[in-house]
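A.B. asks: Quick one, fold the following:
(one chain, ligands or ions: 3)
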Amino acid sequence: MKTVTINTLRELKEAGEKFSVLTCYDSTFSTRINEAGVEVMLVGDSLGMVLQGHDSTLPVTVEDIAYHTQAVKRGNQHALIMADLPFMSDSSLATLLENSASLMRAGAHLVKIEGDAWLAEGITQLSQRGIPVCAHLGLTPQTVNQLGGYKVQGRGDAGQALIDAAIKLEAAGASLLLLECVPTHIGEAVTRAVKCPVIGIGAGPKTDGQVLVLHDMLGITVGKTAKFVKNFMLEASSIPEALAAYHKEVKSGEFPAEEHCFK
Ligand SMILES: Nc1nc(=O)c2c([nH]1)NC[C@@H]1CN(c3ccc(C(=O)N[C@@H](CCC(=O)O)C(=O)O)cc3)CN21
Ligand SMILES: CC(C)C(=O)C(=O)O
Ligand SMILES: [Mg+2]
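C.D. replies: Numbers count the residues shown, from 1 in each chain. Ligands and ions are numbered 1, 2, ... in the order given. Predicted structure coming up:
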């Protein structure tokens, strides 16, 4: 298989083809996720919840993400590795640049940052220095204390604001966008409004790519999972089979189905 780059994802979008993304935190899963054909691995700050047992992603540090990115890099063959910038790792522009550099040194090919239109300056600075950026919009778990819970975003007037922010961040230099927990029609509108690939989680079937947290799609997450989750182990007889089924269902458009989406 050819090495996946951001250009690969752009070409897939232009060709109207879907791509799959999974979170990954270690070397063994990195290799197995590669074998399943998944294009992108996200070293997500969700590791604070599924690996460390915290009740939010806020305690995660840049060092935590760098450690897991190094492990994922060792198991990687051809996938694109994206690393999350954790809570407050962008407390100043200089801090953002230094922390992003640490994640790139650890083996990431690009960084993901949560926010809104105000991210524009940081995204421009990073992309000018050769660090591609994915802007994470919609439900941004690092702001859960302000949002009052993990709730659907972008309903009503907030929908147009999301579309405007997406256009602004692409113009600022964002290479990818990630939309979390928004109504299907907003997922579709944002995906059409920008040239860069859009990854969705609970953003409907029209985004260019789909992402899930590994533990969620393997059905082992402790506690209640979100509506957008599908347990791929229910019809698989091994973990590699479940990973392959996820990739296949994203590519074919079978996942996400209506039951995984918000109106
Ligand atoms: N295991 C895991 N999976 C994730 O997808 C995930 C994490 N952890 N940790 C960080 C964030 C938190 N996320 C979440 C968590 C819960 C919902 C959730 O239950 N949402 C409600 C929406 C209710 C509404 O407003 O209608 C749902 O029913 O899906 C969504 C995203 C996504 N991320
Ligand atoms: C849920 C995904 C998009 C994420 O940011 C993470 O795993 O941290
Ligand atoms: Mg995250």
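
A.B. asks: Relative to ligand 1, how far out is the spatially closest residue to L176 that is not a sequence neighbour?
C.D. replies: Spatial nearest neighbour of L176, chain neighbours left out: C134 (3.9 Å); criterion: Cβ to Cβ, 6 or more residues apart in numbering. For the C-beta atoms, the positions are set from N, CA and C on the backbone; glycine is no exception. Per Cβ to the nearest ligand atom, to the nearest Å, C134 is found 15 Å from ligand 1.

A.B. asks: Report the mean confidence score over the helix or strand where C134 lies.
C.D. replies: Using DSSP states H and E, C134 maps to strand 133-138. Regarding strand 133-138, the rounded mean pLDDT is 98.

A.B. asks: Report whether it contacts ligand 3.
C.D. replies: No - judged by Cβ under 5 Å from the ion, strand 133-138 makes no contact with ligand 3; its nearest approach is 6.7 Å.

A.B. asks: Show me the strands paired with that strand, marking each as parallel or antiparallel.
C.D. replies: Note on strand 133-138: by DSSP bridges, its sheet partners are strand 110-114 (parallel), strand 176-180 (parallel).

A.B. asks: Dump the first one to CSV, restricted to CA.
C.D. replies: In other words, strand 110-114. The C-alpha trace of strand 110-114 is given here as CSV (Å, rounded to 0.1, in the frame of the first residue of the first chain):
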residue,chain,number,x,y,z
LEU,A,110,0.2,16.6,11.6
VAL,A,111,-1.4,18.0,14.8
LYS,A,112,-5.1,18.5,15.6
ILE,A,113,-6.3,21.5,17.7
GLU,A,114,-9.7,22.1,19.2
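
A.B. asks: quick one: that strand near ligand 2?
C.D. replies: No - Strand 110-114 stays clear of ligand 2 (Cβ under 6 Å from any ligand atom), getting no nearer than 6.6 Å.

A.B. asks: Got the phi and psi for P132?
C.D. replies: P132 adopts backbone torsions of phi -70, psi 150, taken as degrees, to the nearest 10.

A.B. asks: Please give the number of neighbouring residues around it.
C.D. replies: Neighbours of P132 under the rule other Cβ atoms under 10 Å: 22.

A.B. asks: unless I'm mixing things up, it is touching L176, no?
C.D. replies: Yes - between P132 and L176 there is a contact at 7.4 Å, judged by Cβ atoms under 8 Å.

A.B. asks: Overlap in contacts, these two.
C.D. replies: Taking Cβ atoms under 8 Å, 6 or more residues apart in numbering as the criterion, P132 and L176 both touch I6, L110.

A.B. asks: Where does the nearest residue to F255 once chain neighbours are set aside sit: helix, strand or coil?
C.D. replies: The spatially closest residue to F255, leaving aside those adjacent along the chain, is E249, at 3.8 Å (Cβ to Cβ, 6+ apart). Following DSSP: H, G, I helix; E, B strand; the rest coil, E249 is assigned to helix.

A.B. asks: Quick one, grab the pLDDT at E249.
C.D. replies: Listed pLDDT for E249 reads 99.

A.B. asks: I'd say L139 and L147 touch.
C.D. replies: Yes - between L139 and L147 there is a contact under Cβ under 8 Å: 7.2 Å.

A.B. asks: How many residues are close by the residue nearest to F255?
C.D. replies: Count around E249 with other Cβ under 10 Å applied: 18.
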